[in-house]
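[1] quick check, what structure comes out for this input:
(one chain, ligands or ions: 5)
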Amino acid sequence: MRTASLATVLLGTASTIQAQQAASPGYDCYPTCIPSTVPANETLSFGRHYAVLNLDMITALVSGVAPTPAGSQWIANTARWIDAVHAQSPPPLSIFTRIYFSNSHKPEIGPASPFAKVGSALGTASSNLTEVYPAFCVNETVGDVVLQKTRYYAGAGNGLEEILRAQQIDTVIMSGIRTSGVILSTAYRLFDLDYKVYVIANNTIETPSNSPDINTNILEGILPKLPVAVITLEQALAALNASGPAIY
Ligand SMILES: *[C@@H]1O[C@H](CO)[C@@H](O)[C@H](O)[C@H]1NC(C)=O
Ligand SMILES: *[C@@H]1O[C@H](CO)[C@@H](O)[C@H](O)[C@H]1NC(C)=O
Ligand SMILES: *[C@@H]1O[C@H](CO)[C@@H](O)[C@H](O)[C@H]1NC(C)=O
Ligand SMILES: *[C@@H]1O[C@H](CO)[C@@H](O)[C@H](O)[C@H]1NC(C)=O
Ligand SMILES: *[C@@H]1O[C@H](CO)[C@@H](O)[C@H](O)[C@H]1NC(C)=O
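    Ligands and ions are numbered 1, 2, ... in the order given. A predicted model of the protein is given here:
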């Protein structure tokens, strides 16, 4: 079956997936709670020029973690965040990314492109596996943007940087799958472009067969070194109340 072979390529063999499900790849205080880089007694605000980045939450990737306890918690946390962002008045800029190729020849990746090893099982825009997972609400009426990407970095080959610049965004708040892929790659790049970057720890996850230690090491060790702020979902929700009204 196409779904099975795709999952195999992207996520590892079925037996690996089964073996990982008990000790699944997520975060949510597994194996330990990540300390936020922002002290609990500090009032956090994203200002008025902020954008929310919801990265690579496509069915092909999400369906691999959905059956795990950490995966379903990640979905619930991330959906709660997206809904809270939409409930702001006015809603800030939300940008979703999807990984898909322009046509069935997959011209964005040749056999020699390193990313072909990761992404070549994915299809075109019309493949439902490349669509944003249904638990996550995309609302183009309120200005949500959905961008195509074909590499790790959220802005590879699309209008991300142009949109952020044109909308005078200075702060981004990231959620997504995988922490070692799009989150890490995008945190570095946007940090270097002078954006203030926040990562919501509860809204990050690895895919099986990656060890949960990878997630922990990135959130606890690497991102704070940049420094990129790693915050909890609760802090992010409270910060929405202290931010805005968003300019978009
Ligand atoms: C989010 O993560 C923090 C620790 O980093 C934890 O205390 C909190 O319970 C988590 N929130 C949810 C809704 O899972
Ligand atoms: C937060 O707590 C720390 C130590 O617990 C303290 O030094 C700091 O002044 C507090 N900050 C605020 C804004 O209350
Ligand atoms: C995705 O598309 C395939 C084939 O077009 C179909 O068999 C499958 O039911 C669809 N899955 C979902 C979740 O819509
Ligand atoms: C999108 O937002 C508009 C305006 O707030 C609302 O009327 C509509 O129901 C929303 N659509 C979805 C799918 O949530
Ligand atoms: C944010 O404000 C809303 C409306 O005033 C309130 O219901 C909600 O509890 C607040 N959330 C947080 C996390 O402070």
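
[2] hey, let's count contacts and neighbours off CA atoms from now on
    OK.

[3] neighbours of Pro134, just the number please.
    A count of nearby residues for Pro134, using other CA atoms under 10 Å, gives 12.

[4] can you pull the pLDDT of the residue in the chain that ligand 4 sits nearest to?
    Ligand 4 sits closest to Asn139 of the chain, with a gap of 4.9 Å, by CA to the nearest ligand atom. Confidence at Asn139, expressed as pLDDT, is 98.

[5] please apply the same query to the one 10 residues further on.
    pLDDT, Lys149: 98.

[6] could you list the low-pLDDT ranges of this protein?
    Scanning the chain for pLDDT under 70 picks out 1-31.

[7] can the strand of greatest length in the chain be said to contact ligand 1?
    For the chain, the strand with the greatest residue count under DSSP state E is strand 196-205. Yes. On the criterion CA under 6 Å from any ligand atom, strand 196-205 is in touch with ligand 1 at Asn202.

[8] neighbouring strands - and their directions - for that strand?
    Under the criterion DSSP bridges, strand 196-205 sits next to strand 171-177 (parallel), strand 229-231 (parallel) in its sheet.

[9] list of residues touching the longest one?
    The contact list for strand 171-177, computed with CA atoms under 8 Å, 6 or more residues apart in numbering, reads 46-47, 49-57, 61-62, 78, 182-183, 195-201, 203-207.

[10] quick check: residues of this protein near ligand 5?
    Leu237, Ala238, Asn241.

[11] buried residues, the longest strand of the chain. List them.
    Buried residues in strand 196-205, defined by neighbour count with 16 or more other CA atoms under 10 Å: Lys196, Val197, Tyr198, Val199, Ile200, Ala201, Asn202, Asn203, Thr204, Ile205.

[12] Asp83 versus the first one, what's the distance?
    In this case it means Lys196. Distance, Lys196 to Asp83, by CA to CA, to the nearest Å: 22 Å.

[13] can you give me the helices in this protein?
    In the chain, the segments counted as helices under DSSP state H are 2-11, 14-21, 59-65, 69-86, 116-119, 160-166, 184-192, 212-216, 233-242.

[14] to Tyr153, which of these lies closest?
    helix 184-192 (5.1 Å; CA to CA).

[15] mind saving the C-alpha coords of the closest one as CSV?
    Only the C-alpha atoms of helix 184-192 are listed here, as CSV (Å, rounded to 0.1, in the frame of the first residue of the first chain):
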residue,chain,number,x,y,z
LEU,A,184,16.2,23.5,14.0
SER,A,185,16.9,24.6,10.4
THR,A,186,14.4,27.5,10.6
ALA,A,187,15.4,28.7,14.0
TYR,A,188,19.0,29.1,12.8
ARG,A,189,18.1,30.9,9.6
LEU,A,190,15.6,33.3,11.1
PHE,A,191,17.8,34.0,14.1
ASP,A,192,20.5,35.1,11.6
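
[16] having no further points to raise, I will conclude here.
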